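> sequence and predicted model, in that order:
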2 protein chains.
Amino acid sequence: MARKTFREMLEDRWGRENFVCVGLDPVYEKLPKAVCDPGNMATSIMNFNARIVDATKDLVCAYKPNSAFYEALGKLGMYALRETVAHIREAAPDVPVILDAKRGDIGNTNEGYVRAAFDYFEADAITVNPYLGAEALQPFLDKREKGIFVLCRTSNPGAGELQDLQIAEDPLYLHVARHVARKWNKWGNCALVVGATCPDELAEVRREVGDLPILIPGIGAQGGELEKTVRAGRDSRRRGMLVNSSRGVLYASRGEDYAAAARHEVEKLRSAVNACR
Amino acid sequence: MARKTFREMLEDRWGRENFVCVGLDPVYEKLPKAVCDPGNMATSIMNFNARIVDATKDLVCAYKPNSAFYEALGKLGMYALRETVAHIREAAPDVPVILDAKRGDIGNTNEGYVRAAFDYFEADAITVNPYLGAEALQPFLDKREKGIFVLCRTSNPGAGELQDLQIAEDPLYLHVARHVARKWNKWGNCALVVGATCPDELAEVRREVGDLPILIPGIGAQGGELEKTVRAGRDSRRRGMLVNSSRGVLYASRGEDYAAAARHEVEKLRSAVNACR
């Protein structure tokens, strides 16, 4: 049976009240001792990810490995990333995988990134940077069955340096939101990234983009407030959000109970989101 | 002996009247038959790049492999990229390597990209996307000995969608240029990317940023006009430019003479740049 589109998978997950996205951003030095094999870092990371997935797969709407954490390890990291996605597709075939790669180059060059993300790693969605415009990102936008998450207002402290610059009446990030919702989303495969660290901006973006899915990083370790975030981020159907947590889940315990502790954290976050959406 | 900083290497190359940067963006299907081994695409690409480097190394200011072309091939591509950089460092130790990766994530995540670019691939410089701001890009900006090329006005037809939005009196890309020149360049390691497809914008950027190095893609296959570009892009010392050509050099001939033909193309471009700078 053909795999569903990213959006179909996401709607199914939301239908089960799953709004938590787990960021699979492993740093070898922070992993629980039980999983560490210094002679085989890539396998350690892969095994760690697999246990986190097995322990949380019924509670999440997506997994989001960030490419930088894998690229740091060179070809071993690529192996770990590819095997991680393969494990998710095997053990949790209903849960889509978002490759957080923040890519973006000129048109024909993006074909290489498209092949890497969707053919080599077999992700269901990718994050992209809007700076080069829709024309450049067309190879991503043309993948109707995939999810294309465009950075809008990011969660880092200095995000506003360019993103908050005022153009006519509105900041740049709101122009990005508008362009994506009105022009880039021809195939209904677009989504946005807006940090939980700026709930007012998130609310503004939501007013602008209707029911477009929004990936919301920055809850937990980055300090975003949950209730305010959920009220700002939900769509007209009280869906529309992927609330991401990475460190809070992955490092919930560094003991042998790390997988159970990760599940407990996801359960808590899932309940908290559902309580206020 | 310790390797020189990127900027020192670049000044040495400019001192020899070398302003051409060769983009090493190989597509297997386009390679000369003489170099193709379908059973070993990565080695074919590596060998092709090595021959191009050997044939042009005295005429260029830098080599610029674009990561997307290698990532498209998965782990074989990583191998080809790593070996390509290793070959340049061995055969042309005076020529710096710019990894064209257009990266950019939030602060701590960028550490992974820094490790990949500078420790794993051993590049001398990298291209980054400005959208997340200087605070996020700090792990790159902190690498004093490396070159950090920030996308400013890109060479694709749709570049203006966001980059030309007017903020107060000026377009976004000019704000980026100003921020980089005045605030981001604390260690003197910053540079910009401005496409040859927009010489008027290039001239404006040059007026704004003093003698900051500018990487200029889009000559040749992308249609930029050389003379106008050089007059717009040169700095007060008649230096300051890295004029990039990729397809025009790599595919100058698909016969067995491909390396000599590539050298001929670089010689022509080098003379043309020097004639009008």
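That came through, no problem.

> for the closest residue to residue A:226 other than its chain neighbours, grab the count of nearby residues.
Leaving out its chain neighbours, the residue that sits closest to residue A:226 by CB to CB, 6 or more residues apart in numbering or on different chains is residue A:272, at 5.5 Å. To be clear about C-beta, it is placed using only N, CA and C from the backbone, and glycine gets the same treatment. Residue A:272: 16 surrounding residues under other CB atoms under 10 Å in any protein chain shown.

> same thing with residue A:264?
Residue A:264 has 16 neighbouring residues, counting by other CB under 10 Å.

> next one, pLDDT for the residue of the stretch 151-277 of chain A found nearest chain B please.
Per CB to the nearest CB, residue A:158 is where the stretch 151-277 of chain A lies closest to chain B, at 2.5 Å. pLDDT recorded at residue A:158 is 95.

> who's in contact with it?
Residue A:158 makes contacts with B:132, B:133, B:134, B:135, B:136, as judged by CB atoms under 8 Å, 6 or more residues apart in numbering or on different chains.

> distance check, the second one against residue A:15.
This points to residue B:133. 37 Å (CB to CB, to the nearest Å).

> tell me which of these two has more neighbours.
Higher neighbour count among residue B:133 and residue A:15: residue B:133, with 22 against 9, using other CB under 10 Å.

> OK, contacts around that one?
Counted by CB under 8 Å, 6+ apart, residue B:133 has contacts A:156, A:158, A:159, A:160, A:161, A:162, A:163.

> same thing but at 6 Å, please
A:158, A:161, A:162 (CB atoms under 6 Å, 6 or more residues apart in numbering or on different chains).

> what of residue A:129?
Contacts of residue A:129 by CB under 6 Å, 6+ apart are A:102, A:104, A:151, B:129, B:131.

> give me that answer again for 10 Å
Residues counted as contacts of residue A:129 (CB atoms under 10 Å, 6 or more residues apart in numbering or on different chains) are A:101-105, A:136-137, A:150-151, A:154, A:193, B:102-105, B:129-132, B:151.

> again, but for residue A:31
Residue A:31 makes contact with A:37, A:41, A:44, A:45, A:47, A:48, A:250, A:251, A:254, A:258, according to CB under 10 Å, 6+ apart.

> for it, give me phi and psi.
Torsion angles at residue A:31 (phi, psi; degrees, to the nearest 10) stand at phi -70, psi 150.

> what's the burial count for residue A:160?
Residue A:160 is flanked by 18 other residues according to other CB under 10 Å.

> secondary structure element for residue A:63?
strand A:60-65 (DSSP states H and E).

> low-scoring stretches of the stretch 1-150 of chain A, by residue?
A:1 (pLDDT under 70).

> so where do the strands sit in it?
In the stretch 1-150 of chain A, the strands defined using DSSP state E, counting those that start in this stretch lie at A:20-24, A:60-65, A:98-103, A:125-128, A:147-153.

> the first one: partners in the sheet, and parallel or antiparallel?
To tie it back to what came earlier, the one meant is strand A:20-24. Applying DSSP bridges, strand A:20-24 is found paired with strand A:60-65 (parallel), strand A:241-245 (parallel).

> in a markdown table, list the ones you listed along with distance to residue A:177 and mean neighbour count.
Output for these, formatted as a markdown table (distance: least, CB to CB, whole Å; neighbours: other CB atoms under 10 Å in any protein chain shown):
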| stretch | distance to residue A:177 | mean neighbour count |
| --- | --- | --- |
| strand A:60-65 | 20 | 27 |
| strand A:241-245 | 15 | 28 |
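
> those: which one's closest to residue B:57?
Relative to residue B:57, the nearest member of these by CB to CB is strand A:60-65, separated by 38.2 Å.

> returning to what we had before: separate out the buried members of the contacts of residue A:129.
When the contacts of residue A:129 are checked for burial by 16 or more other CB atoms under 10 Å in any protein chain shown, the buried set is A:101-105, A:136-137, A:150-151, A:154, A:193, B:102-105, B:129-132, B:151.

> among the strands paired with strand A:20-24, which is nearest residue B:66?
Between residue B:66 and the strands paired with strand A:20-24, the tightest spacing by CB to CB is seen for strand A:60-65, at 22.9 Å.

> how far does the closest one sit from its chain's centre?
6 Å (CA atoms, centre = their mean, to the nearest Å).

> got the angle between that strand and strand A:98-103?
Put simply, strand A:60-65 runs at 40 degrees to strand A:98-103, going by axes from the mean of the first three to the mean of the last three CA atoms, to 10 degrees.

> before we move on, back to that, looking at the strands paired with strand A:20-24, spot the one closest to residue B:117.
Proximity to residue B:117 (CB to CB) singles out strand A:60-65 among the strands paired with strand A:20-24, at 19.1 Å.

> residues contacting the closest residue to residue A:43 other than its chain neighbours?
Excluding the flanking residues, the one nearest residue A:43 by CB to CB, 6+ apart is residue A:37, at 6.4 Å. Contact analysis of residue A:37 by CB under 10 Å, 6+ apart lists A:28, A:31, A:43, A:44, A:47.

> repeat that for residue A:85.
Neighbour list for residue A:85: A:24, A:49, A:63, A:65, A:97, A:99, A:117, A:120, A:121, A:122, A:123, A:124 [criterion: CB under 10 Å, 6+ apart].

> ok, it to residue A:243 distance?
Applying CB to CB to residue A:85 and residue A:243 gives a distance of 21 Å.

> separation between the spatially most central residue of chain A and residue A:25?
Residue closest to the average C-alpha location in chain A (CA atoms, centre = their mean): residue A:64, at 4.4 Å. Going from residue A:64 to residue A:25 by CB to CB gives 8 Å.

> and residue A:146, by the same measure?
Counting by CB to CB - residue A:146 and residue A:25 are separated by 21 Å.

> for chain B, what's the nearest residue on the stretch 1-150 of chain A?
residue A:135 (2.4 Å).
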